[in-house]
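Student: Based on what follows, work out the 3D shape:
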Amino acid sequence: MSTNSSPRGFNLIRSAQKFLVSAFVLFTYVIYALHERFAGPPSEAVSVATPTESLRATQQVFTAPPVSPPTQALPVASQLKLAPPTPLPTATAILQGLYKDGEYTGDRYDVIYGIVQVKAVIQNGKIAQVQFLEYPNDRRTSVRINTVAMPYLTNEAIQAQNANVNIISGATLTSEGFILSLQSALATAKVS
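Tutor: Numbering: from 1, shown residues only. Here you go, the predicted model:
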């Protein structure tokens, strides 16, 4: 008779343990959900390295091996037959007149979490401003990510004077939509 009561008592204790563990997991989930719902945005949502920081990091990692002096004598300048140098165009000559002045709206692109569309403002043949007309903003996470990423994208496009910008980690879809929309706007603005 004592053998029958032992498994029964064990099952009661085992059931109580399962109930307590389940209650703890459920309680933890509810607390986490409430925290996510009412917590403010973190101080830094997306980590973005500027092109200068990336270049410095690359330069520190890749160092050139020391160069030894040549073993053979180089020809004297008078022995070389060189063509006269051709002047290279300056950076201002290249960028001047690249685009027609005005405001050009790019195509709309669906980037899963929303639509991305930009408008390029061209002044004196150069990109003066890039404005987001639409971007994913219906979720708290999308708003937090895009408020950090959008200024980086617009500033980089203005500096580069084209749509060849870096993809921002954490905002990959918005970055890709930005590039496509800006490319379509600049294609319309391009001087033929």
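Student: now for the longest helix anywhere in the chain, which elements pack on it?
Tutor: Counting by DSSP state H, the longest helix found in the chain is helix 2-38. Helix 2-38 sits against no helix or strand, with contacts defined as 3 or more Cβ pairs under 8 Å, 6 or more residues apart in numbering; DSSP states H and E. To be clear about C-beta, it is placed using only N, CA and C from the backbone, and glycine gets the same treatment.
Student: one more time with 10 Å, if that's ok
Tutor: On a contact count with 3 or more Cβ pairs under 10 Å, 6 or more residues apart in numbering; DSSP states H and E, helix 2-38 meets helix 140-160.
Student: The helix it packs on vs helix 2-38, what angle?
Tutor: 40 degrees (axes from the mean of the first three to the mean of the last three Cα atoms, to 10 degrees).
Student: mind listing what's buried in the helix or strand just after helix 140-160?
Tutor: The helix or strand immediately downstream of helix 140-160 is helix 172-189, counting by DSSP states H and E. By neighbour count on 16 or more other Cβ atoms under 10 Å, the buried set for helix 172-189 is 173-175, 177-186, 189.
Student: From those residues, pick the one nearest residue 161.
Tutor: Distance to residue 161, by Cβ to Cβ, is smallest for residue 186 among those, at 9.2 Å.
Student: Show me the shaky parts of this structure.
Tutor: 1-10, 39-97 (pLDDT under 70).
Student: Domain-wise, how is it divided?
Tutor: 1-37, 99-192 (automatic domain parsing).
Student: and these, which is most packed in?
Tutor: Stretch with highest mean neighbour count among the domains of the chain: domain 99-192 (a mean of 18; mean count of other Cβ atoms under 10 Å).
Student: What's the end-to-end length of it?
Tutor: For domain 99-192, the first-to-last residue distance is 9 Å (Cα to Cα, to the nearest Å).
Student: can you offset everything so residue one is 57?
Tutor: Sounds good: first residue 57 from here, last item domain 155-248.
Student: Regarding residue 163, what is its secondary structure?
Tutor: coil (DSSP: H, G, I helix; E, B strand; the rest coil).
Student: quick one, what contacts it?
Tutor: 172-174, 233, 236-241, 243-244 (Cβ atoms under 10 Å, 6 or more residues apart in numbering).
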